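Participant: fold the following and give me the result.
(one chain, ligands or ions: 1)
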Amino acid sequence: MIQRINDEVYKISCGSNMYYIKPLNLVIDTGNFQERAMVERELSSIVDLSKIKIVIFTHLHYDHIGNFNMLPNAKFYAHKDEISSFEKDKIGAVLNPVIVKKFTPKLISIARLKLPKRYQIIHTPGHTCGSICILDTVKKVLFSGDTLFYDGYGRVDLPNSAPKKMEKSLQEIAELDYETLCPGHEY
Ligand SMILES: [Zn+2]
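Facilitator: Have a look, this model is predicted:
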């Protein structure tokens, strides 16, 4: 099911949460592969999938990257630390050997993505070393990936986690000015 968060942002719950930001034609994460049919149907009910040009991965766990190839004209962005941890240990970064084999996009460092100034990319290592959050400073929406949930925060005991950095990341998030939290899961 697709859910409207505000007049610009939509959410699809698909093993994880993915988000579509309409004015940017941008997708944050692409959900779990097992939900592919539903994701394609729901997202294409509001946008022609071939028009989506930008995908930002909050991190590269399998349940957030699964349906990347339903977007034939998109470029795929992640934090450079996440990309290098993926290059060093693909299964450790994705946590699923089957999805690793299917995951073939060219990953581009998020630093090279030019977004309107109102959007901030915040590096929040902890759950993974290259996890990021995206803050929309106008609508005051925070997309927090698996760093912060409604009721807690993401695991820091995974192969590419950065447990010692989580506390500082959460502190940084606590200081941000947001009203709506859009996490990677409904925990
Ligand atoms: Zn994760």
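
Participant: could you pull out the strands in this structure for me?
Facilitator: Listed in chain order, the strands of the chain (DSSP state E) span 2-4, 9-13, 17-21, 26-28, 54-56, 75-78, 107-109, 119-123, 132-136, 141-145, 148-149, 152-153, 180-183.

Participant: flag every residue of the protein that's near the ion.
Facilitator: Contacts of the chain with the ion, taken as C-beta under 5 Å from the ion, map to 61, 146. Every residue, glycine included, has its C-beta placed from N, CA and C.

Participant: quick one: the residue in the chain sticking out farthest from the centre from the ion, how far?
Facilitator: In terms of distance from the mean C-alpha position of the chain, K164 ranks first, at 21.6 Å (C-alpha atoms, centre = their mean). In this view, K164 and the ion are 18 Å apart by C-beta to the ion, to the nearest Å.

Participant: next, name the residue at the spatial heart of the chain.
Facilitator: T58 (3.1 Å).

Participant: from E186, how far out is that residue?
Facilitator: According to C-beta to C-beta, to the nearest Å, T58 and E186 sit 15 Å apart.

Participant: could you find the closest non-adjacent residue to S169?
Facilitator: Distances taken as C-beta to C-beta, 6 or more residues apart in numbering place T124 nearest to S169, at 3.8 Å, with adjacent residues excluded.

Participant: what of T137?
Facilitator: Nearest residue to T137 in three dimensions, chain neighbours excluded: R118, at 5.0 Å (C-beta to C-beta, 6+ apart).

Participant: where does this structure dip in pLDDT?
Facilitator: For the chain, no stretch has pLDDT under 70.

Participant: what residues does C129 make contact with?
Facilitator: Contacts of C129 were listed using C-beta atoms under 8 Å, 6 or more residues apart in numbering, and they are 81-82, 85, 160-162, 165.
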